[in-house]
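*Asks:* when you get a sec, could you give me coordinates for this:
(one chain, ligands or ions: 2)
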Amino acid sequence: MYNKALNVLNIFHENGYEAYIVGGYPRDYLLGIKTLDIDICTNAKPKEIMEIFDTEAVSDVGYGSVKVIYKNVKFDVTTYRVDIKYEKNRKPIKIKYVTDLKKDLLRRDFTINTICIDKDGNFIDLLNGREDLDNRVIKTVGNPRHRLKEDSLRILRAIRFASLLEFDIDDRTGYFIKKYGYLLKSLSGSRKREELDKILTSRNKEIGRNLLISFDLCKYLGLNNLSDIVLCDDIIGIWSQLDVSDDYPFSKLEKETIRKVRELLNKELNEINIYRYGLYISTVVGSIKGVSYKIINNIYKNLPITSTKDILLSGEDIKKILNREPGKYISTILSDLEEKIILGELENNRDVLTTYVRNNYKGDK
Ligand code: ATP
Ligand code: MG
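*Replies:* Ligands and ions are numbered 1, 2, ... in the order given. The predicted structure is shown next:
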């Protein structure tokens, strides 16, 4: 992948343009972390990038960024630019393409994200990012007062990098993270969720939580009970415990999962509930309640049935046994059988079930 990236840089060069790998890849490479995502910056304009790579899959994603698929690898290629004006402390509403790499690096968020690699694999470090990387410190490029105020997403990115990389946050950057934390109130739910998901799924989620608390950001993120929850390994399990507002976007399936997890959290994790909620929800709830996967899986594996389909008596059978027209009573009886089988009060055996239905429901109307 790295070699393909260097090929891409060389293709730019052969066409008369500059291009460098920038951002997360050089940073993580120097830290010995494997990264799948490679960002490239260039003085070629989006239209020119599209022309150079016209035989490959390219698409313009806006703000001077083009997705280039080169030999089956995707690269985010961005034209050198300066951001002129920001809207609502987040999106630049006006950008200007520039020809100078340094100007492009100056609009980036943190010094550790400004290190570049050139077409020959040399590191280019125009803003001393290497020094901060070696000192393991997150520092904004330029004045943190302006840089955090113009884009409040950077506040969350700082917390993300500090926790994932186990870096310190520079004092002045930290001071303004606290001061401008309130700007997170107007950051879109999807951007907040994206960053929080990364922070809270990482192995350093505990560090992330402590940073969010110590920088006093929870109230602006609507995560008032963050300090009280169990940081389990399932991100939906984490969201289920947070009293978050509708501000955060969740898919229909996620909402349904959250609802079920919350419901089961208030119930006992016994056979019948593990059966009713299924293995996944039960495991998530187990990880919150401190019940191991092994125990829950064992209970689940030993359930006599895992759905009503496994009951050895069908609706049709019940109808015949009772000699009645079809009706709602069938599902009532099936639920009764289901519960008694799970609780071990009835064996899942045709004869046993037939006798039970006959003795208990015959003559009902
Ligand atoms: P990762 O890909 O591991 O999440 P990254 O640093 O590569 O980390 P990206 O979101 O891919 O993050 O962004 C690529 C680069 O673009 C960053 O390294 C940084 O230089 C710049 N960048 C990203 N977001 C911002 C921002 N909000 N403000 C300023 N520069 C940014
Ligand atoms: Mg990246």
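
*Asks:* tell me which parts of the protein are close to ligand 1?
*Replies:* By the rule Cβ under 6 Å from any ligand atom, the part of the chain lying against ligand 1 is 23, 24, 37, 39, 108, 109, 113, 151, 153, 154. All C-beta spots, glycine's among them, are computed from the backbone N, C-alpha and C.

*Asks:* and the residues you listed as a markdown table, adding pLDDT and distance to ligand 2?
*Replies:* Formatted as a markdown table, these follow (pLDDT from 0 to 100; distance: Cβ to the ion, whole Å):
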| residue | pLDDT | distance to ligand 2 |
| --- | --- | --- |
| 23 | 96 | 5 |
| 24 | 96 | 4 |
| 37 | 91 | 4 |
| 39 | 97 | 5 |
| 108 | 97 | 11 |
| 109 | 97 | 11 |
| 113 | 98 | 9 |
| 151 | 93 | 16 |
| 153 | 96 | 14 |
| 154 | 97 | 15 |
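
*Asks:* just these: which are in strands?
*Replies:* Under the assignment DSSP state E, the residues of the chain next to ligand 1 contribute residue 39 to strands.

*Asks:* select only the buried ones of the residues of the chain next to ligand 1 in ChimeraX?
*Replies:* One line in ChimeraX is enough to select the buried ones among those; burial here means 16 or more other Cβ atoms under 10 Å:
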select :23,24,39,108,109,113,151,153,154
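
*Asks:* show me which of the residues of the chain next to ligand 1 is closest to residue 189.
*Replies:* Distance to residue 189, by Cβ to Cβ, is smallest for residue 153 among the residues of the chain next to ligand 1, at 12.4 Å.

*Asks:* count of neighbours near the closest residue to the closest one other than its chain neighbours?
*Replies:* In space, and not counting its chain neighbours, residue 153 is closest to residue 191: 5.5 Å by Cβ to Cβ, 6 or more residues apart in numbering. Residue 191 has 16 neighbouring residues, counting by other Cβ atoms under 10 Å.

*Asks:* element containing residue 191, please.
*Replies:* Using DSSP states H and E, residue 191 maps to helix 189-201.

*Asks:* swap in residue 20?
*Replies:* Using DSSP H and E, residue 20 sits within strand 19-22.

*Asks:* paired strands for that strand, with orientation please.
*Replies:* strand 38-42 (antiparallel), strand 116-117 (antiparallel) (DSSP bridges).

*Asks:* pLDDT value on the closest residue to ligand 2 within the stretch 251-365 of the chain, please?
*Replies:* Using Cβ to the ion, the closest approach of the stretch 251-365 of the chain to ligand 2 is made by residue 251 at 24.1 Å. For residue 251, the pLDDT comes out at 95.

*Asks:* same check, this time on the one 5 residues further on
*Replies:* Confidence at residue 256, expressed as pLDDT, is 96.

*Asks:* that's a helix at it, yeah?
*Replies:* Yes - per DSSP: H, G, I helix; E, B strand; the rest coil, residue 256 lies within a helix segment.

*Asks:* what's the local residue count around it?
*Replies:* Residue neighbour count, defined by other Cβ under 10 Å, stands at 12 for residue 256.

*Asks:* state the distance from it to residue 276.
*Replies:* For residue 256, the distance to residue 276 equals 14 Å [Cβ to Cβ, to the nearest Å].

*Asks:* so where is the chain shaky, pLDDT-wise?
*Replies:* 55-57, 85-93, 364-365 (pLDDT under 70).

*Asks:* spell out which parts of it neighbour ligand 2.
*Replies:* 23, 24, 37, 39 (Cβ under 5 Å from the ion).

*Asks:* JSON lines for the residues you listed, including distance to residue 290?
*Replies:* Shown next, in JSON lines, are the residues of the chain next to ligand 2 (distance: Cβ to Cβ, whole Å):
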{"residue": "23", "distance to residue 290": "39"}
{"residue": "24", "distance to residue 290": "35"}
{"residue": "37", "distance to residue 290": "35"}
{"residue": "39", "distance to residue 290": "41"}
